[in-house]
Each structure stands twice: as structure tokens, then as C-alpha cells.
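K.L.:
I need the structure of the sequence given here:
(2 chains)
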Amino acid sequence: MKKTLFSLAVSACLGLIASPSMAKDEWPTDTVKIIVPFTAGGTTDIFARVIGDHLQKAFGKPFIIENVPGAGSVNGIAQVARSKPDGLTIGIASTSGLAINPQLRPDQVPYKPLKDLIPVTMFDKVPNVLVINSGKLPVKSVPELIEYLKKNPGKVAYGSSGVGTSQHLAAELFQQMTGTKITHVPYPGSARMVTDMIGGQVAMTFDNVPLLLPHVQGGKLTMLATATAKRAAFDEKVPAVAEFLPGFEAVAWHGFIAPAGTPKEIVDRLAAEVQACMKKPETIKKFSEAGAEAVATSPKEFADYIAAEMTKWKAVIEKANLQVK
Amino acid sequence: MDLIANLSLGFATALSLQNLLYAFIGCLLGTLIGVLPGIGPVATIAMLLPVTYGLSPTTALIMLAGIFYGAQYGGSTTAILVNLPGESSSVVTAIDGYQMARRGKAGTALFTAGFGSFFAGCVATLVLAAFAPALAELAFSFGPADYFSLMVLGLVGAIILSSGSILKAICMILMGLLLGLIGTDVNSGVMRYTFGIPALFDGIDFVCVAMGLFGFAEVISNLSLKDKRETFTNKVSGLWPSMADFKRMLPAVFRGTTLGSVLGILPGGGAVLSSFAAYTFEKKISKYSDEFGKGAIEGVAGPESANNAAAQTSFIPLLTMGIPSNAVMALMVGAMTIHNITPGPQVMQNNPELFWGLIASMWVGNLMLVILNLPMLGVWVKLLTIPYRFLYPAILVFCCIGVYSLNSNVANIYITAILSVFGYVLAKLGCEAAPMLLGFVLGPMMEEYFRRALILSQGSYSTFVTNPISLSLLVATAGLITIMAVPSIKKKRQEAFQED
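P.N.:
Coordinates of the predicted model:
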């Protein structure tokens, strides 16, 4: 009896000493939940599943996806911020959820991106492209477009996939940098907007490549430039807007986040493994097929990037007076 | 030939093992709920929406569509044998079908219903395949003003063609419009009527509304019904009609199919309206009009063909313009949205396998239904003996799991529960929930197009009348309202829906 008590005491002491480092070494101890703030079947969801598969194989524990869509990804991210910081709940966030919405509608976003969340790693950039309906706009290049817009202020309409999306703010940034005035026509999602682009109801848009490319190839729409800093990998012949407007960049990006307080060791291990996944040729291929560019960043790089994006979009939002009260 | 190439793509899709299986499940379920009185296709589709999450969008729509037209078949079976129309669209079938059964011609009546439905289904599939692409092409030239006017026409049509009181229908549509406004405003990003509740930021989920108003509420109202049944199940013999019957039936089938195909396309039209219209029409032109109500074969053939044709052609406005013409189609919008497909003219281009696969599956489904329904009659009728004390709790549990799984949010269950109480009250007050559902879907769309039209016209309201398409649609709407106001037609309308 005495012996058992003694051994219990010893093991308890050992346990006390061992447990903090054990938690880090043996993470994940259980199933890890990845909260995806978008609906199942969308691009982000598919990406999450690709990476989740890799993590599951690498760590030997199940990584499951939970879709918590709504409120422009704010619902899902808020749930990550509320979760226990034990490394068993992580999430995915994008430009709008981290860098745009918290500044566009601060009253309705229940988290502060860099305070309540730890950036883990950014895994992709989805370039937006500048596309026009050439039946409506008699221009063939970005300088011609700017000139035309300057002569016709407020007469040209652009479509976006909604208020506060990277597509919307891309066009706002474009207006601010060129000193032009274009009318904003928001749509709930891109599909209808593309239909109206083809029908000529709206004349120009900044949107993701995969959605627009078939219509550009089919000759119904014309791609003038990409909104990336440099020419995009999918077609080196298409110029970047930045060649005419130095510093112009408006891409959507996605990355992993964890609740604030998650041990640094866990964040680092997770980041390293996601980076490894993003460097695999098959991942790069899968992402490029969906119009995205695979990237691999450290937690620090991601945090800096988010901070830079927040500053950039904050200025655009303030200048255009877009904040929703 | 484009049509043939497209249809072969469709059949290739529809005949894949998985799609065939789900088409079969859909038809089976449809027949089942068609046979069981009380639970309609709207409720069933609403309940199954979340289940389709894991399926590919094509497969999901094939199954849901199967439920819809399967119910048209199943509903007629019970209408004929038990005088219990399982479906509102087979209400008129019960009038003469049941009388035929009483006179020992149950088999003939069932064959007529099955044959009429199948024939109409085949023709409607072709109509859909032939006209939809042209309409979708046209839809690209529709601007926001035109869409707005089209929806006004649709809503006015829905009010006029709804079977109950006009005043109640208007109220229901307005209620739907108001519910639809909850959530984030598309144009400014401002929250409306959300009271700071995060679950309402994106508006009330369509599935919650549909399940609450139809699924839950129907179960509640059915609990208060006691049913008595006189069946002719044992007397089904001699499915094949005599030559004389066949000669009377065939022209009625043709007329019913034509009428149903046309009425199905109209906004606000659909299976119920066309079966009533076909019955009235047959009664008027038949040489045997005195036999109507006592077992006239035309009274079965006409409406049965019409409701099935209409059930299928009502997909045309949805698939080409993205505008639902009735409550079931509004549910289809929900189903497509779940799968990230925005209904509209772009569907045919971006998802040709979905579009043509769905059309081809309708024909395949019709064939399955004939096989399911005629030889297996006995099984279906047996179903009527399942006690509801097992059926209803199962349905409720299923519904709750369904709404929860939409976005893993318990709030959805509460919203559904609140709406179901509301739906029950509406049912007690004799208000139809279908126009409300239509208002809920069309309301936000109308607002969106209305405001978009104004943004593009720089705030000038004249855009609605200077635009030729928009103008003609508004004129048609005004015409419809004027016609309705004429006293004699008002009376006719009341007569037409009296049997309901």
C-alpha cells in the first residue's frame, strides 16, 4: 500500500515536471480541428483539405475540417479566436477576414487579428486580374483605360463580389492611385457579376483568375493586366498593373491561424509542416490549377505581411470613406 | 446538331452509376411522400437539402428533382385508390380517378395516370432541352431593370395563381419579403434587422425557413388530423385499358401535356395550377362532360399529364434566368447555392454536365417511375398503414440534424423551431406558406436588381420604362392585374379553385 502511494507520488511529480514539454513534443495528442470559414466545396475548403491530408500523414493524428461559413468569414475566424489555445483547434483565414473586415466593420468583428490570433503561415496568394468588356470600353491597355476613365468620370461601372472583398478594395485602390472615379456595383458573389460583365451591364472588374479565364479565352472578355506585384505565373505575357502604377498590388491570400496563447513550439511545428506541404510539386500543381500560387512563409513573415496588409487597406478604407458603422 | 450532342452529354451524365442510383432514390422517395398524404415534395426537399452537401451538385439536383416529379406520380396513386390526394397537384385526379376505382376500373385509371405522366414527362424533357438554351442566351442581354420587372411579373403571377384568397397571398409574399431583408445589405454592407445577433448577419438561412414552414409545420398540423380510408387496393386488376378507353384518353393526354408545358414555364405557374386548368379544360370540351365527376377517363388523363409536364417545364425559368417560379424551384435555388452554384444563364456554360445531366435524368426518372409505380402498387398502398407515431418523430430528428449541419450552428435549430410555430399558425389561419417562401427568395433578389438598376442609371427611375424588355414586362404585369380586377374573371377564379 505504502509502495503504491509512493510510486503514485513519484509519478505525479514526474508528470508535473514532464507534462509541459510532453504537450509540445507529443502534440497533436488528439484529433486536430481545422476551422474553414467558408462553405464546403469552395476553393478555400478544397485547399484546406489538401493541406489537412498532408498534416494528417505527417503527424499521425486525424486533421478534420469544420466549415463555419458566414459574415464574410468573420464567423469562422471568431470561433478560432474563442477556442482553447491547445493546438487542437486551428483555422484558416483570408485577406478579408484579417486585413479588411476588422477595419471596415470594427463593431461587428469580435476579434483583433494580431491580438486574439497567432498567424501560423500563409499558404497561397490568389491573384486578381483586371478584366474589361471590350464592347463597352474602347481601350486595349491599362494606360488607355486610365485615360478613358479620366475623361468619363463616374460613367463606367465596375462589378465586385461584395462590399469589403479584396476585389472591391482592389478597384478602390486603383481609383485612388489613378485619381479616377468609377461606379461600384456590388454583387453577392462573383457568378452573377461575371454574367453581367459578359452582358455588358458592368464594364470592368478585378476578380480571381479561374472564374474569368474561360471567358477571356472564349473572347467575351478582355484581360488587361494582373493585380499582382510582378507578372503572374499563369501567363507571363499579361502585364501587371504595377508596371503602370508602381506599388499596386491587390491579391487575396490565405493562411493558417491559431488562437492567441497557443504554445510557440506547436505553431512552429505546424508552420514547418505546412511549408513542407506547400513545397511539394503536386501541391503547387493543384493550387495553380485552381488559379492560386502556393507560398510558404514562417509565422513571423506571415505576421508582418498581415500587418502590412492591414495598414494598406486601412488607408484605402479611410480615404474612400467605406467604414460601416 | 447541338441538341443531340448536348443530350448525349446529358445522358452520359445521367446514366453514370452514381447518378442513376440517386435518381432512383429520388424517385423512390418522391413516390413514397407522394403516397403518404400530408408530407409534400416541398417539405421533403427542404429536409433533404443539407444531406446533399456531400454529393456532387449534379447528383444532388438529380435526386431532388426526382423527388419532385416522383411525388406527382405517387400522389395520383393514392388519389385514385384511396381518394386521398397525396399531393395538391393530384387533388383533381381524385375526383374522377376515385370514381373510376369505385366502378371497378382502378387498373385503367392507374394506367392512364402513369401513361399520361410518362408521355408528358418525355415531351416536357424535349421542350426543356429545345427552348432552354435559346432562353439562356437571351437572358445574357437582360439588364438589372429587366430582371426586376420580370420578378414583379413573377410575384404578381404567383399572387393571382395561388389557390387561396388573394389578400392572404399578398400578405404572405410581403411577410416573405420582410424576412428576406434580414442580414447584410449587399450594397453598403450595413446590417439590417439583425439586432446584433451574429447568427442573423447573413440573413436567415433558406433551409431554416423552408423546413420550419413546411417540414415542421406540416408535421404539427398533420397530428391534428384523423384520417379515414376506404381503399380499393385489392381490386386492382386489368391495367390495360380497352380500345375505347384508349381512344378517349389519348387526345386528353396530348392536350394536358401542351397545357402543362406552357403553364409550367409561366412565373407563378406549376403543377397545381396546370392540373386544375387541364381538368376545367377537359370538362368544357369533352363530349362526355356529363360523365365528369362520375369517372371520366379524360378527367384523369388530362390533369395527370398536365401536372407532370408542368413539374418539368417549371425548371426552365430557374435554369435559364435563375428565377424560381414556385416554391419547389425556390428550394432548387437553395440547393444550388449550397453547392456554390448561382442559378442563372451562366449555369449552362459553366456546368453543362449539370444542366444537361439534370434534363436527361428527368427522362430516365420518368421511366423509372412507370416501372416503380405500376407493378409495385401493392407495396405503396401498404405504406399508408405506417403509424405516424413512428414517422413523425423520425422526420423531426432528421430535420434538426439537417439544419444544424448547414454551418454547425445551433442557432439554426432555434430559428427553425420559431418559424415552425409561425408556420403552424399560418396553416391554422388558412394562409399558404408557399407564396411566403417565394417572397423570401425573390424579395432580396428584387431589391438587389432594383438598386443595381438605379446605380447603373445614376439614380434615374426612367430606366424601368425606357428599357424595352423591362417596359413590356411591366405592361404585362399591369395587364394581369387589370384582368384580375374584372369581376367575371374574379368569379371564375374562385370557381376554379373551389374544389381545392
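
K.L.:
Helix, strand or coil: sort out the residue of the stretch 251-400 of chain B found nearest chain A for me.
P.N.:
Residue of the stretch 251-400 of chain B nearest chain A, by C-beta to the nearest C-beta: B:Thr342 (3.5 Å). Where C-beta positions appear, they are placed from N, C-alpha and C, glycine not excepted. Per DSSP: H, G, I helix; E, B strand; the rest coil, the secondary structure class of B:Thr342 is coil.

K.L.:
Just the pLDDT for it.
P.N.:
With respect to pLDDT, B:Thr342 scores 76.

K.L.:
Spit out the contact partners of it.
P.N.:
By C-beta atoms under 8 Å, 6 or more residues apart in numbering or on different chains, B:Thr342 lies in contact with A:Gly189, A:Ala191, A:Arg192, B:Gly322, B:Met336.

K.L.:
Please tabulate those in JSON lines and include pLDDT, distance to B:Ala309 and neighbour count as additional columns.
P.N.:
Putting these into JSON lines (pLDDT from 0 to 100; distance: C-beta to C-beta, whole Å; neighbours: other C-beta atoms under 10 Å in any protein chain shown) gives the following:
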{"residue": "A:Gly189", "pLDDT": "75", "distance to B:Ala309": "33", "neighbour count": "15"}
{"residue": "A:Ala191", "pLDDT": "74", "distance to B:Ala309": "30", "neighbour count": "19"}
{"residue": "A:Arg192", "pLDDT": "77", "distance to B:Ala309": "30", "neighbour count": "25"}
{"residue": "B:Gly322", "pLDDT": "77", "distance to B:Ala309": "22", "neighbour count": "23"}
{"residue": "B:Met336", "pLDDT": "83", "distance to B:Ala309": "23", "neighbour count": "23"}
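
K.L.:
Include secondary structure when you put the residues you listed into CSV, please.
P.N.:
Shown next, in CSV, are the contacts of B:Thr342 (three-state DSSP):
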residue, secondary structure
A:Gly189, coil
A:Ala191, helix
A:Arg192, helix
B:Gly322, coil
B:Met336, helix
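
K.L.:
closest to B:Cys171 among the residues you listed?
P.N.:
B:Gly322 (26.2 Å; C-beta to C-beta).

K.L.:
Dump stretch A:45-56 to CSV, restricted to CA.
P.N.:
Extracted C-alpha coordinates of stretch A:45-56, given in CSV (Å, rounded to 0.1, in the frame of the first residue of the first chain):
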residue,chain,number,x,y,z
ASP,A,45,-12.2,24.4,-48.5
ILE,A,46,-10.5,22.2,-51.1
PHE,A,47,-7.1,23.8,-50.3
ALA,A,48,-7.7,23.2,-46.6
ARG,A,49,-8.4,19.5,-47.3
VAL,A,50,-5.3,19.1,-49.4
ILE,A,51,-3.1,20.5,-46.6
GLY,A,52,-5.1,18.7,-43.9
ASP,A,53,-4.4,15.4,-45.7
HIS,A,54,-0.7,16.2,-45.6
LEU,A,55,-0.7,17.1,-41.9
GLN,A,56,-2.6,14.0,-41.0
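
K.L.:
Which residues in that stretch does the neighbour count mark as buried?
P.N.:
For stretch A:45-56, burial by neighbour count (16 or more other C-beta atoms under 10 Å in any protein chain shown) applies to A:Asp45, A:Phe47, A:Ala48, A:Arg49, A:Val50, A:Ile51, A:Gly52, A:His54, A:Leu55, A:Gln56.

K.L.:
Would that stretch count as contacting chain B?
P.N.:
No. Using C-beta under 8 Å from any C-beta of the partner chain, stretch A:45-56 stays clear of chain B, coming no nearer than 9.4 Å.

K.L.:
Tell me which residues are up against that stretch.
P.N.:
With C-beta under 8 Å, 6+ apart, stretch A:45-56 has contacts from A:32, A:34, A:36, A:38-39, A:62-65, A:67, A:92, A:123-124, A:254, A:270, A:273-274, A:276-278, A:280, A:283, A:286-287, A:290, A:292.

K.L.:
And those residues, which of them are buried?
P.N.:
Buried among the contacts of stretch A:45-56 (16+ other C-beta under 10 Å): A:32, A:34, A:36, A:38-39, A:63, A:65, A:67, A:92, A:123-124, A:254, A:270, A:273-274, A:277-278, A:283, A:287, A:290, A:292.

K.L.:
Which members of the contacts of stretch A:45-56 occur in helices, if any?
P.N.:
A:Leu270, A:Glu273, A:Val274, A:Ala276, A:Cys277, A:Met278, A:Thr283, A:Lys286, A:Phe287 (DSSP state H).

K.L.:
could those residues go into TSV alongside distance to A:Pro110?
P.N.:
What follows is those, written out as TSV (distance: C-beta to C-beta, whole Å):
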residue	distance to A:Pro110
A:Leu270	24
A:Glu273	29
A:Val274	26
A:Ala276	33
A:Cys277	30
A:Met278	30
A:Thr283	33
A:Lys286	33
A:Phe287	31
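
K.L.:
isn't there a helix covering A:Glu172?
P.N.:
Yes. Counting by three-state DSSP, A:Glu172 is part of a helix.

K.L.:
neighbours around the closest residue to it other than its chain neighbours, how many?
P.N.:
Excluding its sequence neighbours, the residue lying closest to A:Glu172 (C-beta to C-beta, 6 or more residues apart in numbering or on different chains) is A:Ala320, at 4.8 Å. Counted with other C-beta atoms under 10 Å in any protein chain shown, the neighbours of A:Ala320 add up to 16.
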